[in-house]
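Asker: 3D model of this:
(one chain, ligands or ions: 1)
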Amino acid sequence: MDVVLGAGTRYLDTRRADGENLIAVLASLGYQYVSNRAELAAATGPKVWGLFSDEAMAYEFDRQMLHPEQPSLAEMTRKAIDLLSADPGGFFLMVEGSKVDWADHANDPIGVISDLAAFDDAVGVALDYAEKKGNTLVLAFSDHGCGGMSLGSKATDATYSKLPLEALVDPLLPATLTGEGIGEVLGGDRSEANIRRVMSAHYGISDLTAAEVAAIAATPAGSMNYAVGPMISSRSVIGWTTSGHVGEDLFLYSYGLNKPLGLVENTEIAEICADALGVDLDQATASLYAEAIPALEAVGATVFVDASEPQNKVLVAQKGSTTVMFPLDKNLVEVSPGAAGRSFTMEGLTILAEKTGKVYLPQNALLSACKLLAR
Ligand SMILES: [Zn+2]
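Answerer: Here you go, the predicted model:
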């Protein structure tokens, strides 16, 4: 991967449970590391890794008002395309508007609008590039539905045929923050006066009931979408069927090179992308995910997964005085003793499939390890 942009700094820096500093590792691998919008704008690459928040990126509405130091999804998309398109061999870019799902779980329509609009802007950036460049495939789709949002609800059973568009739209228009932003602006002051002030200023709701005020006062900041989302939904005519995922068909928008049309099975998306890239998935699977344990045992090695450090398990193969270690989820292999403590980089990762107990390795690394252990 040449360009990775998003959030979750605390999962890579020294706050990790195992104390590893993976941000230092990124620098050693040649990535330019950036942590805010200005640094991203100035980054020249070719390899860039950007983390813009300890946990998740802000919703777009909240980003504009509360976290302008973070880049927008469209800005990240534009930068990623600028960097990746320098490669004459072409590129693959995946862009996710991931918090649309979070807002749907919370039944917060403002979160959905905020981040669906941000995703739409990002798709626009990709389409601009594809139109100029040609020879490019752009796909935009959801990986699943969530929340079962509807325009019209049980509350409109008797009135739907006469409801004007304004009944849907007008209650939503004044909102300038998502529920998460409301939680942030409220901060520690959960007095009734502050709740009424913030909900009026940023959500356009000035008729909170006493029960609604009490519900907001009792909700932790990180869950505020769940409290205020349903409040604005009921003032509009938006219905929700669940706080979980739903199974209906989804829209697939496609543009450009051999674009798919019609009804497409979700697993076909991978094949469509592979075809566009000229990648043979079967061949890539064979070379990157060879089953390790039977092959290592076949040369007489004792093989086990060392889980003594649960965060950093290691596949170990031993025979005689030779030990080969494959830390899980890393592209490293360590061999000892020989030229003691030798460490090599592999072309892929060591993967443990927890359910089956099978471990997969890049084929080349597995063949080399088998050769070494067979001696
Ligand atoms: Zn979800």
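Asker: going by C-alpha atoms from here, please, whenever you check contacts or count neighbours.
Answerer: Noted.
Asker: stretch 287-306: end-to-end distance?
Answerer: 25 Å (CA to CA, to the nearest Å).
Asker: what does it contact?
Answerer: Residues outside stretch 287-306 that contact it (CA atoms under 8 Å, 6 or more residues apart in numbering) are 313-319, 347-349, 358-364, 366, 369-370, 373-374.
Asker: narrow the residues you listed to those in strands?
Answerer: Among the contacts of stretch 287-306, DSSP state E puts 314-319, 358-361 in strands.
Asker: put the buried members of these into a ChimeraX selection.
Answerer: If you want just the buried ones from those in ChimeraX, going by 16 or more other CA atoms under 10 Å, the selection is:
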select :314,315,316,317,318,319,359,360,361
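Asker: distance to residue 231 and pLDDT added to the ones in strands among the contacts of stretch 287-306, as CSV?
Answerer: Shown next, in CSV, are the ones in strands among the contacts of stretch 287-306 (distance: CA to CA, whole Å; pLDDT from 0 to 100):
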residue, distance to residue 231, pLDDT
314, 49, 96
315, 51, 97
316, 55, 97
317, 58, 97
318, 61, 96
319, 65, 95
358, 48, 97
359, 48, 98
360, 49, 98
361, 51, 97
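Asker: only alpha carbons, please: show stretch 68-79 as PDB.
Answerer: In PDB, the C-alpha atoms belonging to stretch 68-79 read as follows (Å, rounded to 0.1, in the frame of the first residue of the first chain):
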ATOM      1  CA  PRO A  68     -11.200  21.800  10.800                       C
ATOM      2  CA  GLU A  69      -7.600  20.400  11.300                       C
ATOM      3  CA  GLN A  70      -8.900  17.100   9.800                       C
ATOM      4  CA  PRO A  71      -9.100  16.700   6.000                       C
ATOM      5  CA  SER A  72     -12.500  16.000   4.400                       C
ATOM      6  CA  LEU A  73     -13.100  12.700   2.600                       C
ATOM      7  CA  ALA A  74     -13.000  14.500  -0.700                       C
ATOM      8  CA  GLU A  75      -9.600  16.100   0.200                       C
ATOM      9  CA  MET A  76      -8.200  12.800   1.100                       C
ATOM     10  CA  THR A  77      -9.500  11.300  -2.100                       C
ATOM     11  CA  ARG A  78      -8.000  14.100  -4.200                       C
ATOM     12  CA  LYS A  79      -4.600  13.700  -2.500                       C
END
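Asker: which SSE is residue 26 in?
Answerer: helix 22-28 (DSSP states H and E).
Asker: going by distance to residue 180, which of the ones in strands among the contacts of stretch 287-306 wins?
Answerer: Ranked by distance to residue 180 (CA to CA), those are led by residue 314 at 39.0 Å.
Asker: contacts only, for that closest one.
Answerer: Residue 314 touches 305-307, 325-328, counting by CA under 8 Å, 6+ apart.
Asker: if we use 10 Å, what do you get?
Answerer: 304-308, 324-330, 333, 350, 352 (CA atoms under 10 Å, 6 or more residues apart in numbering).
Asker: just the buried ones from these?
Answerer: Buried, going by 16+ other CA under 10 Å: 305-306, 324-328, 333, 350, 352, out of these.
Asker: return the member of the residues you listed nearest to residue 144.
Answerer: Distances from residue 144 to those, taken by CA to CA, are shortest for residue 352, at 25.9 Å.
Asker: excluding its backbone neighbours, what's nearest that closest one?
Answerer: Counting by CA to CA, 6 or more residues apart in numbering, residue 352 lies nearest to residue 359, which is 4.4 Å off, once chain neighbours are set aside.
Asker: that older thread, now for the buried ones among the contacts of residue 314: which two are most distant?
Answerer: 324 and 352 (16.2 Å).
Asker: show me where the stretch 1-150 of the chain has its strands.
Answerer: 3-6, 32-34, 48-51, 137-141, 145-146, 150-151 (DSSP state E, counting those that start in this stretch).
Asker: among those, which is the most enclosed?
Answerer: For the strands of the stretch 1-150 of the chain, average neighbour numbers computed from mean count of other CA atoms under 10 Å are highest in strand 48-51, which has a mean of 23.
Asker: thought residue 234 was touching residue 155?
Answerer: Yes: between residue 234 and residue 155 there is a contact at 8.2 Å, judged by CA atoms under 10 Å.
Asker: neighbour count: the two, which is higher?
Answerer: The neighbour comparison of residue 234 against residue 155 (other CA atoms under 10 Å) goes to residue 234, with 15 against 12.
Asker: residues touching the more buried one, list them.
Answerer: 153, 155, 168, 171, 240.
Asker: how about residue 257?
Answerer: 130, 134-138, 276.
Asker: got any ranges where the chain has weak pLDDT?
Answerer: 338-341 (pLDDT under 70).
Asker: go with 80
Answerer: Scanning the chain for pLDDT under 80 picks out 337-341.
Asker: mind naming the longest helix for it?
Answerer: Counting by DSSP state H, the longest helix found in the chain is helix 109-133.
Asker: just to revisit the earlier point, list the contacts of the helix holding residue 26.
Answerer: By CA under 10 Å, 6+ apart, helix 22-28 touches 9-14, 16, 29, 31-33, 47-49, 51.
Asker: nearest spatial neighbour of residue 20, skipping sequence neighbours?
Answerer: Using CA to CA, 6+ apart, the closest residue to residue 20 is residue 14 (5.5 Å).
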